[in-house]
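*Asks:* Just a sequence and a predicted model for now, questions to come.
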Amino acid sequence: MRTALVTGSAGFIGSFVCERLLRDGFRVIGLDAMTDYYDVSLKQQRIDRLLQSEHFRSIEGYAETPGLVSDLFAIEKPDVVVHLAAQAGVRYSIENPRSYLNSNIVGTFEVLEAARAYPPQHLLLASTSSTYGANTEMPYRETDKADHQMSFYAATKKATENMSHSYAHLFGLPVTIFRFFTVYGPWGRPDMALFKFAKAILDGRPIDVYNHGDMMRDFTYIDDLVEAIRLLIDVPPVRPGEGAKVPEGDSLSPVASWRVVNIGNSNAVQLTDFIDAVEEATGHKAQRNLMPMQAGDVPATWADAELLKTLTGYAPRTRVNDGVKQFVKWYREYFGY
């Protein structure tokens, strides 16, 4: 039985990744700090669901705590590490940038140091579409330059990409970076737009629509994202020149067993159309409070996911209307609407 360490295991994405790995026969060690950035009870219920499996072990702690992750590696010797723990959110990074420095940069450093001492077969790290920043040519490709991040959140995630590349080069670690594109679905984060929209619409309150609705996002359903991660686990990058054929358009480093992979639906959706989907799923019209663009936000994201398909044969396929319906169904059941 292979052992996987998943950081951020009580999070939205982390809990689904743990669930999938358990289903596939992994023994899973979950690490999460259970921070109060949003409702801790939601996180605890995600963990409680995972604890129904005898092959899941839950550890509460901060990845940035010196030595904590290294001790876990020494004891558990994970074959696969999926590092998802991070302080998320573009807007909150303006209010509390230090939490992003500690969680994202220092936390990732601790994971890299642990992997250096106890190398896993594959180390996979979460990044974000926000790293593309001021880029205007779309869809975004992994080989595009990404030098102009527009929020401190995005800057910290790009920093962790660069940090991991140096460790892959220096110590031969196989590292895959995921760039996620606007993930949504049941058990999602309350600070995300879909959660806020559904709550406000069902409560009969107006929703805030930024940039007057002139925004586009590549919305990626949670099941598609998890399937992509699961398949990528079994495709560790190999340093060029060590026998692996490099696919066209691959982001594989010329000097390390390191690559970055977009995970997105490859379909940019207008924000107003997304709101229409929430209205359809709830059966209520939204009162739209049109607002200017928020600081740090970007007007559009759109993934080129051809590399994911080349590496795994898989392409995310859930339509926004279908994914939103699944979320609203869960939301009504969870909150008793």
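*Replies:* On my side now, so go ahead. Numbers count the residues shown, from 1 in each chain.
*Asks:* For residue 57, give me the backbone phi and psi.
*Replies:* Dihedral angles of residue 57 (phi, psi; degrees, to the nearest 10) stand at phi -120, psi 130.
*Asks:* Next, the buried residues of the host helix or strand of residue 100.
*Replies:* Here residue 100, judged by DSSP states H and E, is contained in helix 97-100. Going by neighbour count (16 or more other CB atoms under 10 Å), the buried part of helix 97-100 is 97, 99, 100. Where you see a C-beta, it was placed from the backbone N, CA and C, and this is true even at glycine.
*Asks:* nearest to residue 218, of those?
*Replies:* residue 100 (22.8 Å; CB to CB).
*Asks:* unless I'm mixing things up, that closest one is touching residue 87, no?
*Replies:* Yes: at 4.8 Å, residue 100 and residue 87 qualify as touching, with contact defined as CB atoms under 8 Å.
*Asks:* ok, and what's touching the lowest-mean-pLDDT helix or strand in the chain?
*Replies:* Sorting the helices and strands of the chain by mean pLDDT, DSSP states H and E puts helix 92-95 at the bottom, at a mean of 90. The contact list for helix 92-95 (CB atoms under 8 Å, 6 or more residues apart in numbering) reads 37, 87, 99, 100, 151, 152, 153, 156, 191, 295, 296.
*Asks:* Can you list the residue ranges for strands in the stretch 151-300 of the chain?
*Replies:* Using DSSP state E, counting those that start in this stretch, the strands found in the stretch 151-300 of the chain span residues 175-180, 183-184, 207-209, 216-217, 220-221, 258-263, 269-270, 288-290.
*Asks:* Write the PyMOL selection for whichever of the contacts of helix 92-95 are buried.
*Replies:* Selecting only the buried entries of these in PyMOL, with 16+ other CB under 10 Å as the criterion:
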select buried, resi 37+87+99+100+151+152+153+156+296
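*Asks:* Dump the contacts of helix 92-95 to TSV, plus pLDDT and distance to residue 223.
*Replies:* Shown next, in TSV, are the contacts of helix 92-95 (pLDDT from 0 to 100; distance: CB to CB, whole Å):
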residue	pLDDT	distance to residue 223
37	92	24
87	94	25
99	95	29
100	96	28
151	94	28
152	95	31
153	95	25
156	97	28
191	92	21
295	84	32
296	75	29
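*Asks:* can you redo the contacts of helix 92-95 as a markdown table with distance to residue 225?
*Replies:* Below are these laid out as a markdown table (distance: CB to CB, whole Å):
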| residue | distance to residue 225 |
| --- | --- |
| 37 | 20 |
| 87 | 19 |
| 99 | 24 |
| 100 | 22 |
| 151 | 21 |
| 152 | 24 |
| 153 | 19 |
| 156 | 21 |
| 191 | 18 |
| 295 | 27 |
| 296 | 23 |
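*Asks:* for the residue nearest to residue 337 when sequence neighbours are not counted, what are its contacts?
*Replies:* The shortest distance from residue 337 to any non-neighbouring residue, by CB to CB, 6 or more residues apart in numbering, is to residue 202 (5.4 Å). If you count contacts by CB under 8 Å, 6+ apart, residue 202 has them with 282, 284, 331, 332, 337.
*Asks:* What are the contacting residues of the helix or strand following the helix holding residue 100?
*Replies:* Counting by DSSP H and E, the next helix or strand C-terminal to helix 97-100 is helix 107-117. Contact with helix 107-117 is made by 7, 62-70, 72-74, 81, 83, 85-86, 123, 125, 160, 163-164, 167, 171, 173, as judged by CB under 8 Å, 6+ apart.
*Asks:* Restricted to buried residues, select those residues in PyMOL.
*Replies:* Buried residues among the contacts of helix 107-117 (16+ other CB under 10 Å), as a PyMOL selection:
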select buried, resi 7+62+63+64+68+69+70+72+73+81+83+85+86+123+125+160+163+164+167+173
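*Asks:* Sounds good, over and out.
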